[in-house]
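Colleague: What follows is a predicted protein model with its sequence.
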Amino acid sequence: MASKDEESKPSFFFFFPSSSFCSSLLFGFRCVVFVSLCYLLWLRFLFHTFPLLAPTRSGRSSQLGRSPPATCDPSIARFYIHRLHPRFNADIVQRCLSRYACCGVDCPDVGHSGLGRPLLRLTADADVDPDLTSWYATHPLSAEVIFHARVERHPCRTTDPAAAELFYVPFFAGLHATTSFRPKNRDALAVELAEHLNSLPAFRRRGGRDHFLVVGRTSWDFMRKPACPDFGANQGLLLLPEVANMTVLTVERHPWEGRNQFGIPYPSYFHPRTAEDVADWQAELRRFARTRSFLFAFVGGWQPGSEKAAVRTSLMAQCWKSNRCLPVHCEPILHKCDDPGRILDVMRRADFCLQPPGESFTRRSTFEAILAGCIPVFLSEHSAYSQYQWYLPARPEDWSVLLKPDQWDRVEEVLARIHRNVVAKMRDTVIELIPRISYAHPDSSVGFQDAVNIALIELTKRVRSNQDGL
Ligand SMILES: *[C@@H]1O[C@H](CO)[C@@H](O)[C@H](O)[C@H]1NC(C)=O
C-alpha cells in the first residue's frame, strides 16, 4: 500500500504543479525536442548512407521461411477457435511445465508449443541452427497441444464466428487427465465446458455438429465404464450429450462405439518446417534402404499379466533368438526408449518393425516406424487400419503386414517369405506417408499436407457433405 501511495505523488504534482516545477518542465521539454530532432537527422543520414539495410533484412527473413502463407487452401473450411477460459488449456500447460521443470515426472514435456526438447541433428548434415531444427523429443501424448499451436496461425483461421464453417474447441482434455488425479468431481471441468458451449449461439446453431475437439490420449480414457478403475479427470467427457454431437479427433478411437471419433497420428520426433525438410529426410531413407541388414526389429518391453502380454513376450523372445532381428528392450530404468536417435537408428536398420498392442490397441511406435521407413507388422486391425483411415492407404497390404494368430509364433518365417521386390514397394509406400503423419513445426509456413492439414481437409468434407448428420 505504501509504495502505491508514493507512486501516486508525482502524478498529483504533475497535474497541480508549482511554478518552479513548471520552469524545469519547460526546460525538459525543449531538451526532448532538441534530442528528437537530432535523432531524426541521424536516421535520415543512416538511411542515405546504407540504403540496402532494410531490403537485405527482409530478404533474409523470407529466406528463412518466416513469412506467413497468405492464402487458405480451398479444400479447408474457414474455422474459428473458441476462446475458452485459460483453465481449459493455457493453465493446464503452465501447471504441467512447472511440474516438469521441478521434477521431470508425471507430466510430459510440453515446452516449445508441445514439441518438447529440440534434438541435435538425427540426419546427415550436423550443422543446423538448434533454433531451426525440425527434430524434437516429442512426448507421445502431446498431439492436442501441437495441434493447437499449428492451427493458431493457420491461414484458414478466421476470428469472426459468422464467417466460419468449422469450430475448434481447444480443451486440453488429455493433458488435464494426465495431470489431475481426482477421485471426486472428476468430470467437473468437462461438465463446465459443456455448459459453456451450450451458452454459445455458434454452438447451438447446429447442436455442435460443426464443432470439433482434439484429444491426445486414447478415447477409452474419456468413456468411463462403471467397472473402470479411476486414474484421472474428465473420464466421462466423450459421453456428454454436447460432445456426442461433435467430431472428436483422438490418437485412438473406440473401434466399436467411436462413431464420431477419428484417429489422428501420435506425434513423432519430426516436425518439418518446409517441404524440402520432408524431401531431404525421405531421400536419406531411400539411400539407406540398401543398408537395412536386419529382417525385423522389436522395440518394446515386457508387460506383466494379461494375455496380450504373453503375445508380446513371445514376440520378444523370437526376436532375441533370431540373428535377423534387432531388439531394443524398453525398461523404464534403462531409458533406452527415451532416446529418439537410438529408436530411429534401430528401425532404420530393419525391413519390418513389430507393432504388437500395448496397454491399448495403438502405439506411438507405429509412427516412429513409418518415420524410419520400416514396414509395420500388426497383430490387430485396430492397431491402425480401423483407426487412421484419413491417413493410411486403403489397402493395408500395400504398406503393412497383419499377422494372423496362427502366425504369431513363427514371425521370422512369415516375414522372410515376402518377396524382396514386394518389400521394396511397401517401403516406398511407407516413406511416402511421412509428410501426412507428421505434425509440421507450428512456426513453419507449411508447404505440404501434414497431419493437421489432412485432419482439417477431412473435417471440411464432413461438415460440407453432411449438413445435418455430422
Ligand atoms: C445433438 O443433436 C441432436 C439432433 O441430431 C439434437 O436434438 C440435440 O439437441 C443435440 N445436442 C445438443 C447438446 O445440442
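Modeller: Everything's here; your move.
Colleague: tell me which strands and helices the helix or strand in which Val151 is found is in contact with?
Modeller: Per DSSP states H and E: Val151 is located in helix 143-152. Other helices and strands packing on helix 143-152, by 3 or more C-beta pairs under 8 Å, 6 or more residues apart in numbering; DSSP states H and E, are strand 79-81, helix 173-179, strand 211-218, helix 451-465. For glycine as for every other residue, the C-beta is placed from the backbone atoms N, C-alpha and C.
Colleague: Give me the contact list for the first one.
Modeller: I take that to be strand 79-81. For strand 79-81, the surrounding residues in contact (C-beta atoms under 8 Å, 6 or more residues apart in numbering) are 151-152, 154, 156-161, 163-168, 170, 202, 456.
Colleague: and the residues you listed, which of them are in strands?
Modeller: 166-168 (DSSP state E).
Colleague: Could you single out the nearest of these to the ligand?
Modeller: Minimum distance to the ligand across these is 13.0 Å, recorded for Phe167 (C-beta to the nearest ligand atom).
Colleague: Hmm, Leu213 and the closest one touching each other?
Modeller: No: if you go by C-beta atoms under 8 Å, Phe167 and Leu213 don't touch, sitting 10.0 Å apart.
Colleague: Domain parsing of the chain, as residue ranges.
Modeller: Here the domain parsing of the chain from automatic domain parsing is 79-267+450-465, 287-437.
Colleague: Now the longest one: average pLDDT?
Modeller: Domain 79-267+450-465 shows an average pLDDT of 90 in the prediction.
Colleague: Equivalent analysis for stretch 312-322, please.
Modeller: On average, stretch 312-322 scores 93.
Colleague: Of all the residues in stretch 88-107, which ones are buried?
Modeller: Across stretch 88-107, burial judged by 16 or more other C-beta atoms under 10 Å covers 88-89, 92-93, 95-96, 100, 107.
Colleague: Closest one to Leu240 out of these, please.
Modeller: Leu240 lies nearest to Phe88 out of the buried residues of stretch 88-107, by C-beta to C-beta, at 14.3 Å.
Colleague: Grab the nearest non-local neighbour of the closest one.
Modeller: Phe171 (4.6 Å; C-beta to C-beta, 6 or more residues apart in numbering).
Colleague: Then Arg87?
Modeller: Nearest residue to Arg87, sequence neighbours excluded (C-beta to C-beta, 6+ apart): Leu189, at 7.1 Å.
Colleague: The one you found: neighbouring residues, count only.
Modeller: 22 (other C-beta atoms under 10 Å).
Colleague: what does the one 4 residues further on give?
Modeller: Other residues lying near Leu193 total 25 when counted by other C-beta under 10 Å.
Colleague: Spell out the secondary structure type for it.
Modeller: helix (DSSP: H, G, I helix; E, B strand; the rest coil).
Colleague: From Ile264, how far out is it?
Modeller: As judged by C-beta to C-beta, to the nearest Å, Leu193 and Ile264 stand 20 Å apart.
Colleague: Around the residue nearest to Ala164 when sequence neighbours are not counted, how many other residues sit close by?
Modeller: Nearest residue to Ala164 in three dimensions, chain neighbours excluded: Tyr80, at 3.7 Å (C-beta to C-beta, 6+ apart). Residues within reach of Tyr80, counting by other C-beta under 10 Å, total 20.
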